[in-house]
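Colleague: build me a model from this:
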Amino acid sequence: MNVSMLMKAFSAFTLAVLLLITLQGCATTQSMLDPQEPTITLQKIKPLNFSFDKQKLELTLNVDNPNAFTLPIKTLNFAATLAGEHIADGASNERVTIPANGSALLNVVVTTSLSKLIGKFQAASDEGNKLDYNVKGKLKLDNWPKLIPFDSSGKIENPL
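Modeller: As a prediction, this is how the structure comes out:
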């Protein structure tokens with residue numbers, strides 16, 4: 001092998017190694033920038049009005065951001081269950097920015113039926129006044145192309 005061929009082979013090898021390092025760096029940077037799923041807890045349920053067929057409730061959601069960067073929420077869609085029963089679907093177009101490694105409150109008004117709520121509130125009164133809840137959905141950020149899923153469960157005081 002002459003020196004010219006050896007130099008070409010070395011250049012091709014060096015280029016291949018640099019390309020692999022660059023691609024690995026891009027993959028690592030991308031995974032570091034993917035937002036982690038926020039934790040959304042139901043802080044309180046506030047009855048707004050009751051009628052015979054529909055009730056409006058204001059749900060106060062605490063959105064906790066585990067990321068080292070802010071989360072500018074554009075939209076939020078969710079389904080809520082109370083004591084194991086689906087009670088409402090909700091959505092918010094309220095733009096809220098959740099600080100890096102911080103949290104913020106988001107109020108969402110939902111409509112549900114009295115028949116779904118009365119039994120759950122009564123059962124909670126009989127069993128220590130706490131209700132199991134689950135809030136599951138997706139949020140859209142202003143600066144991120146993918147929807148971010150969330151799924152949070154816990155217990156909440158009976159609003160009545």
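Colleague: pLDDT score assigned to residue 99?
Modeller: Per-residue pLDDT puts residue 99 at 95.
Colleague: what's the neighbour count on it?
Modeller: 12 (other C-beta atoms under 10 Å). Bear in mind the C-beta positions are built from the backbone N, C-alpha and C, glycine included.
Colleague: and the nearest residue to it once chain neighbours are set aside, how many neighbours?
Modeller: Once flanking residues are discounted, residue 99 sits nearest to residue 70: 5.8 Å by C-beta to C-beta, 6 or more residues apart in numbering. Neighbours of residue 70 under the rule other C-beta under 10 Å: 16.
Colleague: residue 70 reaches residue 98, doesn't it?
Modeller: Yes: the pair residue 70 and residue 98 passes the contact test of C-beta atoms under 8 Å, sitting 6.5 Å apart.
Colleague: re earlier: list the residues that contact the residue nearest to residue 99.
Modeller: 97-100 (C-beta atoms under 8 Å, 6 or more residues apart in numbering).
Colleague: can you put the residues you listed in a markdown table and add secondary structure and distance to residue 52?
Modeller: Formatted as a markdown table, the contacts of residue 70 follow (DSSP: H, G, I helix; E, B strand; the rest coil; distance: C-beta to C-beta, whole Å):
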| residue | secondary structure | distance to residue 52 |
| --- | --- | --- |
| 97 | strand | 40 |
| 98 | strand | 38 |
| 99 | coil | 43 |
| 100 | coil | 46 |
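Colleague: which of those residues has the most neighbours?
Modeller: residue 98 (23 neighbours).
Colleague: assign residue 67 to helix, strand or coil.
Modeller: coil (DSSP: H, G, I helix; E, B strand; the rest coil).
Colleague: so it makes contact with residue 101?
Modeller: Yes: counting by C-beta under 8 Å, residue 67 touches residue 101, with 7.2 Å between them.
Colleague: what's the domain layout of the protein?
Modeller: Domain assignment for the chain, taken from automatic domain parsing, gives 1-33, 35-157.
Colleague: worst average pLDDT in those domains?
Modeller: domain 1-33 has the lowest average pLDDT among the domains of the chain, namely a mean of 56.
Colleague: so which bits of stretch 97-116 are buried?
Modeller: 98, 103, 106, 108, 110, 112 (16 or more other C-beta atoms under 10 Å).
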